[in-house]
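Following is a predicted model, sequence given first.
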Amino acid sequence: GATTVTLYNLQPDTEYEFQVLSRNILGDGLFSPIVKTRTKPWDYLGGVYPTDAYGATYIPTVQKPSGPKPWPPRNVTVERGQMGVVISWQPPKNLTIPIAFYFVEHRTDDGQWQRWGPIRDEYNYIVP
């Protein structure tokens with residue numbers, strides 16, 4: 001599963017809170033602890049969004065059968081990098097419950113949570 005994700009189009013020089021959620025076909029797992037960081041103070045923000053083959057933003061359909069949900073990601077960190085803020089995590093310690101993908105959520109201190117994902121086959125995310 002993914003453990004790195006890149007977020008684009010965040011406001012420069014703004015403090016955000018991040019958390020990561022694991023999900024499988026049984027539903028949402030638990031969120032990781034919240035991690036805070038501030039974006040770099042620059043004017044240019046690039047833009048890339050997850051899309052399907054037709055260019056539409058991709059949000060998968062998730063069936064919700066009964067059963068255990070995945071454990072939260074571990075060791076979530078946020079570091080300022082050359083291209084932006086890098087959010088990294090490790091998969092849950094208990095992998096007996098499979099993870100289909102991850103979501104990263106972020107917000108400013110007083111804002112609404114915004115969700116990015118689904119994220120597959122990566123363990124970090126870069127936020128400019």
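Perfect, thanks for sending it.

can you pull the buried residues of the biggest strand by length in the chain?
Assignment by DSSP state E gives strand 15-24 as the longest strand of the chain. With burial defined by 16 or more other CB atoms under 10 Å, the residues of strand 15-24 counted as buried are Y16, E17, F18, Q19, V20, L21, S22, R23, N24. All C-beta atoms are positioned from the backbone trio N, CA, C, and that covers glycine.

For whichever helix or strand comes after it, buried residues please.
Note on strand 15-24: by DSSP states H and E, the next helix or strand toward the C-terminus is strand 27-31. Neighbour counts using 16+ other CB under 10 Å place G29, F31 of strand 27-31 among the buried residues.

How about stretch 29-40, which residues are buried there?
So stretch 29-40, judged by 16+ other CB under 10 Å, has buried residues G29, F31, S32, V35, T37, T39, K40.

got the contact list for the residue lying closest to the first one once chain neighbours are set aside?
Right, the one you point to is G29. In space, and not counting its chain neighbours, G29 is closest to P70: 3.5 Å by CB to CB, 6 or more residues apart in numbering. Applying CB atoms under 8 Å, 6 or more residues apart in numbering, we find P70 in contact with S22, R23, N24, L26, G29, L30, P92, I97, P98, I99.

again, 7 Å this time
S22, R23, N24, G29, P92, I97, I99 (CB atoms under 7 Å, 6 or more residues apart in numbering).

Which strand or helix spans it?
Using DSSP H and E, P70 falls outside every helix and strand.
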